[in-house]
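Visitor: Need coordinates for the following:
(one chain, ligands or ions: 1)
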Amino acid sequence: MSDTFNAIVATEVDGKTKGQLQQLSLADLPDEDVLIDVSYSSLNFKDGLAVSGKGKICKRLPMVCGIDLAGTVVESSSDKFKAGDAVLVNGYALGEKHWGGYSQKQRVNSNFLVKVPDAFTLQDTMAIGTAGYTAMLSVLMLERQGVKPSDGEVLVTGAAGGVGSVAISLLSKLGYTVVASTGRPETHDYLTALGASSFIDRAELSGKGAPLAAERWAGVVDTVGSYTLANAIAQTKRDGCVAACGLAGGIDLPSSVFPFILRGVVLAGIDSVMAPMELRLKAWSRLASDLPKEKINAISRVEPMSNLPELAEQIVGGKVRGRVIIDVNA
Ligand code: NDP
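Guide: Numbering: from 1, shown residues only. From the prediction side, this is the model:
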């Protein structure tokens, strides 16, 4: 076996952060308690920002990018994991503060690891990836706030992206009527197959709207932020819940207090990065029961790690449909 292996490492190039393919050795890896043979990582919006250098994601350099990974334990000094265990990691600042998943090998803190549910292969878990796990956290939030399928339509924004595709698949399996907001009409057939029952052009939500609008949504999963989030809140029904998980359209929130104080609307934030382990395990267990295998296949495709610089530009430009699995060994 060769002593070196491939990784996408962010460094400073001409004053800008960029992720590029490099060779690493085991001696380069951080001093953590579990060594993993990584099989797959995935492409998330944050990875696009990190690898392209379009967002300040890496808190230190050099940084191995990749906010998630799935692989097999090779060595462990933690009694929670042993060689041969199939494990995954989402978030915990992987690819930001801790070296991440775009590497054929990685050492990771055992407190970050989740055992791969029996229902899934390693590849399945990264077809879902951090985007899909965040979609599950959003659905769990709507449930926790009491949003039921009989309450009416649920809006999913950024529908054709990673979080959106998994959210639609989950919500439709759970019996909700899902309205998909997308800027790409060419994805309507794909989104219908995932379970969307109707569509809103994203332009209808992305401009400045009234602080309070006609009540339509029982619940919302918003991946876009800015005016889209503000309009979704303004259109949410009495006691409905808006799960805000993304910023693909902007980080601002030009809203008013009216929906909260006149309709009891709940705005619930979703943080996948530091979600407690108990919630992660619940999310992965629910993904195993509620995300149909054929939908996992329909939303995902596999790409080699060497394509990441190009894929990073595509996802930041809103051009990726569904989920991209990164085969770190291809
Ligand atoms: P994707 O790029 O796969 O999906 C984002 C989608 O948003 C696009 O496909 C597009 O959907 C839409 N979109 C893109 N640009 C714009 C724009 N300028 N205005 C309006 N809509 C736009 O990303 P992910 O699904 O991986 O992530 C979605 C968001 O969720 C990101 O902001 C990401 O950072 C965030 N996120 C947050 C997490 C958390 O812990 N809170 C965890 C994971 C992701 P369409 O073409 O259908 O219109």
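Visitor: any idea what Leu253 is structurally, helix, strand or coil?
Guide: Under DSSP: H, G, I helix; E, B strand; the rest coil, the three-state class of Leu253 is coil.
Visitor: Look at the closest residue to Ser306 other than its chain neighbours and give its secondary structure.
Guide: Residue nearest to Ser306 in three dimensions, not counting chain neighbours: Leu21, with 6.0 Å by C-beta to C-beta, 6 or more residues apart in numbering. Where C-beta positions appear, they are placed from N, C-alpha and C, glycine not excepted. Per three-state DSSP, the secondary structure class of Leu21 is strand.
Visitor: Ile36 contacts Ser103, doesn't it?
Guide: No: Ile36 is beyond contact range of Ser103, at 9.2 Å (criterion: C-beta atoms under 8 Å).
Visitor: which residues does whatever residue of the stretch 101-250 of the chain ends up closest to the ligand contact?
Guide: Nearest to the ligand, among the residues of the stretch 101-250 of the chain, is Gly161, at 1.8 Å (C-beta to the nearest ligand atom). Shown in contact with Gly161 (C-beta atoms under 8 Å, 6 or more residues apart in numbering): Phe45, Ala131, Thr223, Ala248, Gly318, Val320, Arg321, Gly322.
Visitor: show me which of those neighbour the ligand.
Guide: For the ligand, the contacts drawn from the contacts of Gly161 by C-beta under 6 Å from any ligand atom are Phe45, Ala131, Thr223, Ala248, Gly318, Val320.
Visitor: quick one: contacts of the helix or strand where Ala218 lies?
Guide: Per DSSP states H and E, Ala218 falls inside strand 217-222. Residues from elsewhere that reach strand 217-222 (C-beta under 8 Å, 6+ apart): 135, 138-139, 142, 145, 147-148, 151-158, 163-164, 167, 171, 176, 179, 228-229, 232-233, 235-237, 240-246.
Visitor: Kindly supply the PyMOL command isolating those of these that are buried.
Guide: In PyMOL syntax, the buried subset of those is picked out as below (16 or more other C-beta atoms under 10 Å):
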select buried, resi 135+138+139+142+145+147+151+152+153+154+155+156+157+158+163+164+167+171+176+179+228+229+232+233+235+236+237+240+241+242+243+244+245+246
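Visitor: Filter the contacts of strand 217-222 down to the ones in strands?
Guide: Counting by DSSP state E, the contacts of strand 217-222 place Val154, Leu155, Val156, Thr157, Val179, Thr236, Lys237, Gly240, Cys241, Val242, Ala243, Ala244 in strands.
Visitor: Give the bridge partners for the fourth one, please.
Guide: As for beta bridges, Thr157 partners with Ser181 under DSSP bridges.
Visitor: Please tell me I have it right and it contacts Gly164.
Guide: Yes: between Thr157 and Gly164 there is a contact at 7.0 Å, judged by C-beta under 8 Å.
Visitor: which residues are common contacts for those two?
Guide: By C-beta under 8 Å, 6+ apart, the residues touching both Thr157 and Gly164 are Val221, Thr223.
Visitor: tell me, how many neighbours does Ser77 end up with?
Guide: When neighbours are counted by other C-beta atoms under 10 Å, Ser77 registers 10.
Visitor: surely it meets Asp31?
Guide: No: using C-beta under 8 Å, Ser77 is not in contact with Asp31; the gap is 10.6 Å.
Visitor: Pull the number of nearby residues for Ser226.
Guide: Neighbours of Ser226 (other C-beta under 10 Å): 19.
Visitor: list the contacts for it?
Guide: Ser226 touches Ser206, Leu247, Gly249, Gly250, Ile251, Asp252, Leu253, Pro254, counting by C-beta under 8 Å, 6+ apart.
Visitor: Touching, the fourth one and Gly225? I think so.
Guide: If I follow you right, that is Gly250. Yes: between Gly250 and Gly225 there is a contact under C-beta under 8 Å: 5.2 Å.
Visitor: More neighbours: these two, which one.
Guide: Gly225 (20 against 14).
Visitor: ok, the more buried one - contacts?
Guide: Ala244, Gly246, Leu247, Ala248, Gly249, Gly250, Ile251, Asp252, Leu253.
Visitor: Next, Gly132: secondary structure please.
Guide: helix.
Visitor: Can you tell me, leaving aside adjacent residues, what's nearest to it?
Guide: In space, and not counting its chain neighbours, Gly132 is closest to Val166: 3.8 Å by C-beta to C-beta, 6+ apart.
Visitor: give me every residue that touches the one you found.
Guide: Ile128, Ala131, Gly132, Ala135, Met136, Leu291, Ile299, Arg323.
Visitor: Could you give the bridge partners of the last one?
Guide: Arg323 has the following beta-bridge partners by DSSP bridges: Ser300.
Visitor: ok, it to the ligand distance?
Guide: Distance of Arg323 to the ligand, given as C-beta to the nearest ligand atom, to the nearest Å: 8 Å.
Visitor: thought that residue was touching Thr130?
Guide: No: at 10.0 Å, Arg323 does not count as touching Thr130 under the criterion of C-beta under 8 Å.
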